[in-house]
Every structure is written in C-alpha cells, then in structure tokens.
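Engineer: Need a 3D model of the sequence below.
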Amino acid sequence: MAEENITRLNINDKEIILIGTAHVSKKSAEQVKQMIDNEKPDTVCIELDKGRYKSITEGKKWSNTDIVSVIKQKKATLLLVNLMMSSFQKRMANQFGINPGQEMITAINSAKENDAKIVLADRDIQITFQRIWRGIGFMGKMKLLTGLVYSMFSDEEVSEEELERLKTEDILTSMLDELKDSFPKLKTTLIDERDKYLAQKIKDAPGNKIIAVLGAGHIPGIKEEIHKENNLNKLKSLPPKSNTSKYIKWAIPIVILAIILFTLFNSREMALDQTIGWVLWNGTLSAIGALIALAHPLSILTAFIVAPISSLNPLLAAGWFVGLAEAFIRKPKVRDFENLSDDITTVKGFWKNKVTHILLVVVLANLGSVLGTMIGGAEVIRIFLDLF
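Structural biologist: As a prediction, the model looks like this:
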C-alpha cells in the first residue's frame, strides 16, 4: 500500500500514525479502512467534534432542534451558517458522488469493528466560528455572510484546481478560503489553532498505537505542534470582548438620548423631529429586513415597534423579538426539519422551509436595525447641529 500520505511518529513511547486524507476521495476512505484493519490501533482519532460526529452518525441531525431556544441563546446566526455549510457540502456530494467526510465515517466504522477507542480530536466548530466572528468586525461579518451565501447557492461546478484544494481542506476552510487575504488572522483561527488542538488531542489519546485520520492540509502543522505542549482550555475559550467595544455599544445610545434631551430643552419641535427620525429609520429598516425575509405581517410590525427601543439597549436585538414572533406565528413542523437537508440546497427552499425562514428573519431584521441605528443616529445629530 502506498504510504506517501502516511506519517509515522513516536511520541512519549506511543506509535502515532497520521493518515492525510482527501475529503472528497473514495480512495482515501478505502485507505483509512485498510490501515485500521492492518494496524489494529488502540485508538482512532478523527477530525471531528461532538456536533459533527452526531451529524454524520445520526440520520435526522436537525430533528431535535428547538428553534425558540436557538433564538433565546443568541445562536441564530451560528445555526444559519451551519446550515449554509451543510448546503455547500451537499452540493459537493451531488457533484462528486461522495459525501465530504466519507473517510471519517469509514474510520468510525472500522474503529468499532476493530474494538478501537474513538477520540473526537477537533475543536468544536461553534467555538472556531465564534472566535472568527468576534475578530472580523461588522463589515467583515457582512462580507463573510455574503461569501457563504454565494458559495451555498452558486450553481457553478467546481473546477479541477478547486477540487484539488477541496481534497485537503474541510468544508469551513474551503468556504472561507477567499476571505483569507482580506482577513489575515482568519488562518490563525481556522488552521493554526486547530492544528495545535488536534496535535494535543492525538498526543493525549489513550493506548500505545494511535491512528489519526485528518485532512491532508493539517498534517504539516500537526507534525510541528505534536512535539509541543498546547493548552486545550485556552484554545477552547472565547476571547473576551474588548472594553472599547463594550464602551462604544453603551456610548452610542447614551449619546443619542443625551442629544435628544439637550435638544428638548432648547426646542421641543426639533426634539420631536429627532425622535420621529430615530423611530422611523430604526423601525422601517428593521421591518424592511423582516419583509425581505418574507416574515409574517405581525412579525414585520414587531420589527417596526421593537427596533427603535432595542437599539437603545446593547443587551437586546430586534431580530430576537421578531424571530420569536415568527416562530410563534409560523411554528416549524416535523416535516420542516425532515426536509431541511434538501431545502437548504436552493434559494427557494431556504426561504420556504420554516426553520431557515425564521433564522433569516432574525438575521435580516437585526441587520436592518443596525443600519437604522447608523442612519437614525446621524439624523439625530444633524438636527442637533441645526440648533447652532
């Protein structure tokens, strides 16, 4: 058997075998099975976290989703991105005739057949994404979501060059590849940190002989990091939000209210204009966001009413209230969850399915509210300056 993509290491009296796989290759899956059957390892480490492990081992991976809890826990955007990645993955499966990650499924089954322990060696994808999300700013988030939407709904077939890249990268890395130049720190979070995490998990795995099944792109980094000690708790933690960010979030509503109150003492008419401008810009743009998501009329009304108030409190977001209203009015049914994997592959299906529909309502209502805050705040300041 050719071993050009097999790396053998001896660390702390353990024999560690790294298998660099191609995520969209049937040959990789076959090689993984052959290696595990021949080597009889004590442990098989796989490049998955608990969530992705459940996704590929359980048929109805979205059926237990509580959409209301997702909104209350402020995870609507994260779930939406997960669904976008699933859509991208399914498109790859349709084109190549194999699910990206088939080698991981093979590794799981082969490990069980050979009574080997299974170690989920990758960092939680939610943590990885949250670390990325906190580090790219508002415009970066917009660019990221735009890139994900384009990748998800593009009907272009993947070129041979892109296919070669996909063979060594996981889905998240592939989808975000074009953003690496715009956000240099993206590689640190997406690749380098995970190399450290994977290396430590592999090194700490139980047994004397360990096989690790990994995307080939991670092998060079893991070979370097496996000789070092990396703090898993630090790699799993979320970086604290900067004090500057917190101050700005509270400063904006305080300044807006202070300006309106100051104007009130000098001109009630102008203060009324400021208030009307704030309410109309916030409410209207948030409602337009909900309308674009084809929200129920009552949800759109909720956006108009709530946005001007929630924009004055950094702890609140208009989209949460609008999403909860939409979930109450158009509660997803069992078939929505059952059809989710198929619906997310088309624009029509994404808007039609009640689960993704609600997530879109949350995100677009929030986006409208943010824009309304910027424009409404500018209007308040413009009228204030007219005093002088």
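
Engineer: Rank the helices and strands of the chain by mean pLDDT and give me the bottom one.
Structural biologist: helix 160-166 (a mean of 53; mean pLDDT, DSSP states H and E).

Engineer: element containing Lys228, please.
Structural biologist: Lys228 belongs to no helix or strand when assigned by DSSP states H and E.

Engineer: Could you do the one 5 residues further on as well?
Structural biologist: Assigned by DSSP H and E, Asn233 belongs to helix 232-236.

Engineer: Buried residues, that helix. List them.
Structural biologist: Leu235 (16 or more other Cβ atoms under 10 Å). Just so you know, the C-beta spots here come from the backbone N, C-alpha and C atoms, and that holds for glycine as well.

Engineer: Just the CA trace of whatever helix or strand comes next after that helix, in PDB.
Structural biologist: Next in sequence after helix 232-236, counting helices and strands by DSSP H and E, comes helix 243-266. C-alpha atoms of helix 243-266 as PDB (Å, rounded to 0.1, in the frame of the first residue of the first chain):
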ATOM      1  CA  ASN A 243     -13.600  47.100  26.700                       C
ATOM      2  CA  THR A 244     -13.500  49.500  23.800                       C
ATOM      3  CA  SER A 245     -16.300  47.600  22.000                       C
ATOM      4  CA  LYS A 246     -18.400  47.500  25.200                       C
ATOM      5  CA  TYR A 247     -17.900  51.200  25.800                       C
ATOM      6  CA  ILE A 248     -18.900  52.000  22.200                       C
ATOM      7  CA  LYS A 249     -22.000  49.900  22.400                       C
ATOM      8  CA  TRP A 250     -23.200  51.700  25.500                       C
ATOM      9  CA  ALA A 251     -21.900  55.100  24.400                       C
ATOM     10  CA  ILE A 252     -24.000  55.200  21.200                       C
ATOM     11  CA  PRO A 253     -27.400  55.000  22.900                       C
ATOM     12  CA  ILE A 254     -26.300  57.300  25.800                       C
ATOM     13  CA  VAL A 255     -25.100  59.900  23.400                       C
ATOM     14  CA  ILE A 256     -28.300  59.700  21.300                       C
ATOM     15  CA  LEU A 257     -30.500  60.100  24.300                       C
ATOM     16  CA  ALA A 258     -28.400  62.900  25.700                       C
ATOM     17  CA  ILE A 259     -28.500  64.800  22.400                       C
ATOM     18  CA  ILE A 260     -32.300  64.400  22.200                       C
ATOM     19  CA  LEU A 261     -32.700  65.600  25.800                       C
ATOM     20  CA  PHE A 262     -30.400  68.600  25.300                       C
ATOM     21  CA  THR A 263     -32.400  69.500  22.100                       C
ATOM     22  CA  LEU A 264     -35.600  69.100  24.100                       C
ATOM     23  CA  PHE A 265     -34.600  71.900  26.500                       C
ATOM     24  CA  ASN A 266     -33.900  74.200  23.600                       C
END
